[in-house]
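Participant: okay, here's the prediction I keep looking at, along with the sequence it came from:
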Amino acid sequence: MKKSFYATILLLIAFYFSILPLNGQEKKDSTRSFKNTIRINLTNPMLFGNRNNIIGYERVVTEHQTFSVNVGRFLLPKLVNINTGSLELLNERKENGYTFAFDYRFYLRKENKYSAPRGVYIGPYYGFIHFQRDNKWSMNTETMVGDINTNMRINMNMVGAQMGYQFVIKKRLAIDMILMGPGVWFYSLKTKLGTTLNPDDQALIFNKINEVLAAKLPGHEIVIQPGTYENKGSVKATSAGFRYVIHVGFRF
């Protein structure tokens, strides 16, 4: 539901800007002299919380081609109010995460009145996410009473193609919207437990972690399962994903 909601908002924004009058803009392209754009990502804070801060840079390569690089912090929302009676989250001891993305853009010559970086574009993209978090839990079952430490680690590679539209307002302000970004996402997820548990007690913890991942990671349809050793759950899988982003930038 959240994906559909945000996708609808993006499309409405795109439609709104597409019907704005272009009066006052010269037919001659006056934006070529500004080959650089520095920008911020507005979408990740909306989806994952305001602790996610990503900045980007776009560079004009030719009249109708650019490349962009985006780097920043990636953190999943904190786990809160988890208490099933037999399992309770005590605290989050440590976490860190980062993200990197690169794309190459072809601004369509026949569709655009102006040269890059204004108008409709298509092109490939690559992205990478790393996230790690340590949690402390209190467990009270028939077979285990005490505290358990967990370490969750996520690595995710994303490869795909995108289509978007970038507006340039008053020569300096850039509003960039990636409207379609289907791709293939390669996951590597691991959760380590601080001690050995029986299968039922393991399932309590893994199920809670999987619930968070399913709610917050786009395209997440896989489940962490206990691995060869009883104190470790892991999975490597491939899943379909989708990328949509709003950037606001300044040209120079």
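Facilitator: Good, I have the coordinates. This one's a predicted model, so the numbers in the text were calculated from it and none came from an experiment.
Participant: okay, CA-based contacts and neighbour counts for the rest of this
Facilitator: OK.
Participant: need the strands for the stretch 101-250 of the chain, in chain order.
Facilitator: 119-140, 145-169, 173-180, 182-193, 225-226, 232-242, 245-251 (DSSP state E, counting those that start in this stretch).
Participant: pLDDT averaged over the fifth one, what's the number?
Facilitator: The average pLDDT for strand 225-226 rounds to 62.
Participant: low-confidence ranges, the stretch 51-200 of the chain, go.
Facilitator: Along the stretch 51-200 of the chain, the model assigns pLDDT under 70 to no residue.
Participant: residue 88: which of the strands of the stretch 101-250 of the chain is closest?
Facilitator: Of all the strands of the stretch 101-250 of the chain, it is strand 119-140 that lies closest to residue 88, at 5.1 Å by Cα to Cα.
Participant: what lines up beside that closest one in the sheet?
Facilitator: Looking at strand 119-140 with DSSP bridges, its partner strands are strand 87-107 (antiparallel), strand 145-169 (antiparallel).
Participant: ok, the residue lying farthest from the centre of the chain - contacts?
Facilitator: Distance from the centre of the chain peaks at residue 142, with 39.9 Å (Cα atoms, centre = their mean). Residues in contact with residue 142 (Cα atoms under 8 Å, 6 or more residues apart in numbering): none are found.
Participant: can you tell me the centre-most residue of the protein?
Facilitator: Nearest to the geometric centre of the chain sits residue 44, at 5.9 Å (Cα atoms, centre = their mean).
Participant: checking that residue next. Helix, strand or coil?
Facilitator: Here residue 44 is helix, with the state taken from DSSP: H, G, I helix; E, B strand; the rest coil.
Participant: run a quick check on it versus residue 52, I expect a contact.
Facilitator: Yes - the pair residue 44 and residue 52 qualifies as a contact (Cα atoms under 8 Å) at a distance of 6.2 Å.
Participant: which residues does residue 124 bridge with?
Facilitator: Applying DSSP bridges, one finds that residue 124 bridges with residue 161.
Participant: residue 195 versus that one, what's the distance?
Facilitator: From residue 124 across to residue 195, the span is 44 Å (Cα to Cα, to the nearest Å).
Participant: higher neighbour count, these two?
Facilitator: Taking other Cα atoms under 10 Å, residue 124 and residue 195 do not tie; residue 124 has more neighbours (16 against 12).
Participant: what sits against the more buried one?
Facilitator: 103, 104, 105, 159, 160, 161, 162 are the contacts of residue 124 under Cα under 8 Å, 6+ apart.
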